[in-house]
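Colleague: 3D model of this:
(chains A and B, ligands or ions: 3)
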Amino acid sequence: MPTTFDLTITVNGTRYERSVEPRTLLSDFLRHNLGLTGTHVGCEHGVCGACSVLMDGQPVRSCLMFAVQAHGHEITTVEGLGTRDELHPIQQAFQEAHGLQCGFCTPGILTTVKAFLEQNPNPSEEEIREALSGNLCRCTGYQHIIEAVELAAEKMRG
Amino acid sequence: MKPAPFEYFAPASTDEALSLLAEHGYDAKVLAGGQSLIPMMNFRLVQPSILVDLNNIAELAYIREGDDGGLRIGAMTRHRQVETSPLAAERAPLIHVAMSKIAYPQVRTRGTFGGSVSHADPSAELPALSLALGGKFRLRSQRGERWVAAEDFFVSLFTTVLEPDELLVEASIPPMPPRSGWSLQEVARRPHDFALMGVAAVVTLNEKGVCDGARLVFISAGDRPIAAERAAESLKGQAPSSKVMEEAAEIASMQEIDPSSDIHATAEFRRHLANVLTRRALEQAFQRAAETKQEG
Ligand SMILES: Cc1cc2nc3c(=O)[nH]c(=O)nc-3n(C[C@H](O)[C@H](O)[C@H](O)COP(=O)(O)OP(=O)(O)OC[C@H]3O[C@@H](n4cnc5c(N)ncnc54)[C@H](O)[C@@H]3O)c2cc1C
Ligand code: FES
Ligand code: FES
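Modeller: Numbers count the residues shown, from 1 in each chain, chains lettered A, B, ... in the order given. Ligands and ions are numbered 1, 2, ... in the order given. Here you go, the predicted model:
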């Protein structure tokens, strides 16, 4: 038996205690151990951004961290944004502005945008493109994503 | 589960990390931001049996003013910290400006200064910029401490003078001399990707507006950051003009760099880029140097 590590981690406000092998990636931990499959896994080498989540409010690649490294930290995944009945304003904006097609890239984009709009509530188009430079989308051509972020910013400013 | 199994240690102090490395050196790998190491572990290109994680060592993350008026950067300082540091912007604008060219926001949250320098990727910015600015690195092991200048630190592809039991703990970036200007020019397929070719220029003018010293360091131009010394020498004693800049660009791109061909670009195309980028970099650097001269 490989040695395991006992970790305590808060995901979307819920505290979890689990025992994992140190080599478990945070992305796999979220999906396999916690069943939170909203976080997608594309490339597993840091290029696509589908696995982006927030750690203590900052965007990170969950495929480039071991779950043990999140011990004692707070993680926010796409499941922590809104619910099916009550979407987060960013999710509403993506729905209204057609900011997604297949939806594979969307969880990573939504979490990244959440951190971004908290730091910069009134961004320019260029700043939005910069903030999303680490998130690949193979469907939309990005234009509607940019528009969705602009709409989300507007909604969140109230 | 992608990486091979390993034993995991997360020391809370540098001393503790050094004692783990003294014990396990050859079997152990240091984990900093993990933004280069974990992709390689995911592909099983590397399979360390022991990982020494530095992320809990708070004492290694800082940006301070150096005694020389330059910058001291702790090894575990994140790219994002440097990107948002007013002190870094003031004391090492070349490094500060480069941060926005290094990867993406999610990678910059984790990636560290020490990790990037220790990884010694010839396509990375920080090794080249440390060299262009005449920086040096503080290395520690249980055997002692030594300072190594950037020009002696990078050995070859992903290889530095770091011994298995050593940690890079700090970078020291000296201030540029008065009447200096700088520039970083790159071409990448998409913004923030590793550059197909890049060059950093640092130039200094004397009171009469003649070039007193220059440094040109290339990114993605060989097996480590490549300093074009003859090109830099050719600028010394000259008043900046398009002619001298073109000559320097020709020497650097045709004689001093050693780019290779890969799926992204041919060596010939990279030389062409190096030539064009050197001219642009020198023009901007001399311009900036001339402006500081007026201010001062
Ligand atoms: C998609 C993507 C795009 C990227 N694009 C760029 C780019 O355009 N430009 C660029 O410069 N970089 C880029 N990077 C790399 C990024 O900047 C990395 O953060 C950096 O190269 C490595 O730093 P790290 O802290 O993540 O180190 P790690 O990955 O943790 O470590 C890298 C290596 O250095 C060793 N090491 C780390 N710290 C120390 C230390 N203090 N002492 C001794 N040895 C140590 C490790 O053992 C390992 O061998 C990119 C990364 C990704 C995933
Ligand atoms: S799966 Fe993590 S960046 Fe692609
Ligand atoms: S919506 Fe399909 S990848 Fe972005």
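
Colleague: average pLDDT across stretch B:107-125?
Modeller: Here stretch B:107-125 scores 98 as its mean pLDDT.

Colleague: gap between the two ends of that stretch?
Modeller: End-to-end span of stretch B:107-125 (Cα to Cα, to the nearest Å): 14 Å.

Colleague: Stretch B:203-221 too?
Modeller: Distance between the two ends of stretch B:203-221: 20 Å, counting by Cα to Cα.

Colleague: now that stretch, how far from the chain's geometric center?
Modeller: Averaging C-alpha positions (Cα atoms, centre = their mean, to the nearest Å) puts stretch B:203-221 18 Å from its chain's average.

Colleague: same deal with stretch B:29-49?
Modeller: Worked out by Cα atoms, centre = their mean, stretch B:29-49 lies 20 Å from the chain centre.

Colleague: Which positions in that stretch come out as buried?
Modeller: B:29-42, B:48 (16 or more other Cβ atoms under 10 Å in any protein chain shown). Yep, even glycine has a C-beta here, placed from its N, CA and C like the rest.

Colleague: same deal with stretch A:93-107?
Modeller: For stretch A:93-107, the neighbour count (16+ other Cβ under 10 Å) marks A:93, A:94, A:97, A:99, A:100, A:104, A:105, A:106, A:107 as buried.

Colleague: Out of those residues, which sit inside helices?
Modeller: A:93, A:94, A:106, A:107 (DSSP state H).

Colleague: Go back to the residues you listed and keep what's next to chain B.
Modeller: Counting by Cβ under 8 Å from any Cβ of the partner chain, nothing from these sits close to chain B.

Colleague: Find the pair from the buried residues of stretch B:29-49 with maximum spatial separation.
Modeller: Farthest pair in the buried residues of stretch B:29-49 (Cβ to Cβ) is B:30 and B:42. Separation: 17.4 Å.

Colleague: Could you list the residues of chain A in contact with ligand 2?
Modeller: Residues of chain A lying close to ligand 2 by Cβ under 6 Å from any ligand atom are A:41, A:42, A:43, A:44, A:46, A:47, A:48, A:49, A:50, A:51, A:61, A:63.

Colleague: ranges for the helices of the chain?
Modeller: Assuming you mean chain A. Using DSSP H, helices in chain A cover A:26-28, A:89-96, A:106-119, A:125-131, A:143-157.

Colleague: Actually, chain B is the one I wanted.
Modeller: Using DSSP H, the helices assigned to chain B run over residues B:14-24, B:37-42, B:79-83, B:86-91, B:93-99, B:105-110, B:113-119, B:125-132, B:150-153, B:229-235, B:242-251, B:267-295.

Colleague: Compute the inter-axis angle for the last one and helix B:242-251.
Modeller: Spelled out, that is helix B:267-295. 140 degrees (axes from the mean of the first three to the mean of the last three Cα atoms, to 10 degrees).

Colleague: Counting neighbours, which bits of helix B:267-295 end up buried?
Modeller: Neighbour-count burial for helix B:267-295 [16+ other Cβ under 10 Å]: B:270-271, B:273-279, B:281-286, B:288-289, B:293.

Colleague: Keep only those residues that also lie close to chain A.
Modeller: Applying Cβ under 8 Å from any Cβ to these, none is adjacent to chain A.

Colleague: domain assignment for chain A?
Modeller: A:5-80, A:89-157 (automatic domain parsing).

Colleague: Can you add mean pLDDT and give those back as JSON lines?
Modeller: Formatted as JSON lines, the domains of chain A follow (pLDDT from 0 to 100):
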{"stretch": "domain A:5-80", "mean pLDDT": "98"}
{"stretch": "domain A:89-157", "mean pLDDT": "97"}
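
Colleague: Relative to ligand 3, which of those is closest?
Modeller: domain A:89-157 (3.2 Å; Cβ to the nearest ligand atom).

Colleague: got the end-to-end distance for that closest one?
Modeller: End-to-end span of domain A:89-157 (Cα to Cα): 10 Å.

Colleague: does ligand 1 sit close to that domain?
Modeller: No: Domain A:89-157 does not reach ligand 1 (Cβ under 6 Å from any ligand atom); its nearest approach is 7.2 Å.

Colleague: Would you pull up how far that domain lies from the middle of the chain?
Modeller: Centroid separation for domain A:89-157 versus its chain: 12 Å, with Cα atoms, centre = their mean.

Colleague: cool, and stretch B:243-254?
Modeller: Put simply, stretch B:243-254 sits 23 Å off its chain's centre (Cα atoms, centre = their mean).

Colleague: is any part of stretch B:192-200 close to ligand 2?
Modeller: No: using Cβ under 6 Å from any ligand atom, we find that stretch B:192-200 stays clear of ligand 2, coming within 13.4 Å at best.

Colleague: any residue of that stretch up close to chain A?
Modeller: Yes: judged by Cβ under 8 Å from any Cβ, stretch B:192-200 and chain A are in contact via residue B:192.

Colleague: List of residues touching that stretch?
Modeller: A:133-134, B:94, B:101-104, B:121, B:123-125, B:128-129, B:132, B:182-189, B:215-221, B:252, B:259, B:264-265, B:269-270, B:273-274, B:277-278, B:281 (Cβ atoms under 8 Å, 6 or more residues apart in numbering or on different chains).

Colleague: Now, of the residues you listed, which are buried?
Modeller: A:133-134, B:94, B:101-104, B:121, B:123-125, B:128-129, B:132, B:182-188, B:215-221, B:252, B:259, B:265, B:270, B:273-274, B:277-278, B:281.

Colleague: From residue B:39, how far off is residue B:8?
Modeller: Separation of residue B:8 from residue B:39 (Cβ to Cβ, to the nearest Å): 18 Å.

Colleague: before we move on, back to that, need the residues of chain A next to ligand 2 in TSV with neighbour count, can you?
Modeller: Shown next, in TSV, are the residues of chain A next to ligand 2 (neighbours: other Cβ atoms under 10 Å in any protein chain shown):
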residue	neighbour count
A:41	18
A:42	17
A:43	15
A:44	20
A:46	23
A:47	17
A:48	22
A:49	28
A:50	24
A:51	29
A:61	32
A:63	28
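
Colleague: Just give the closest residue to residue B:220, not the sequence neighbours.
Modeller: Spatial nearest neighbour of residue B:220, excluding adjacent residues (Cβ to Cβ, 6 or more residues apart in numbering or on different chains): residue B:123 at 4.5 Å.

Colleague: is it true that the one you found touches residue B:219?
Modeller: Yes: between residue B:123 and residue B:219 there is a contact at 6.1 Å, judged by Cβ atoms under 8 Å.

Colleague: Figure out which of the helices of chain B is closest to ligand 3.
Modeller: Of all the helices of chain B, helix B:105-110 sits nearest to ligand 3, with 16.2 Å by Cβ to the nearest ligand atom.

Colleague: Could you confirm whether that closest one reaches chain A?
Modeller: Yes: shown here: helix B:105-110 in contact with chain A (Cβ under 8 Å from any Cβ) through B:105, B:106, B:107, B:109, B:110.
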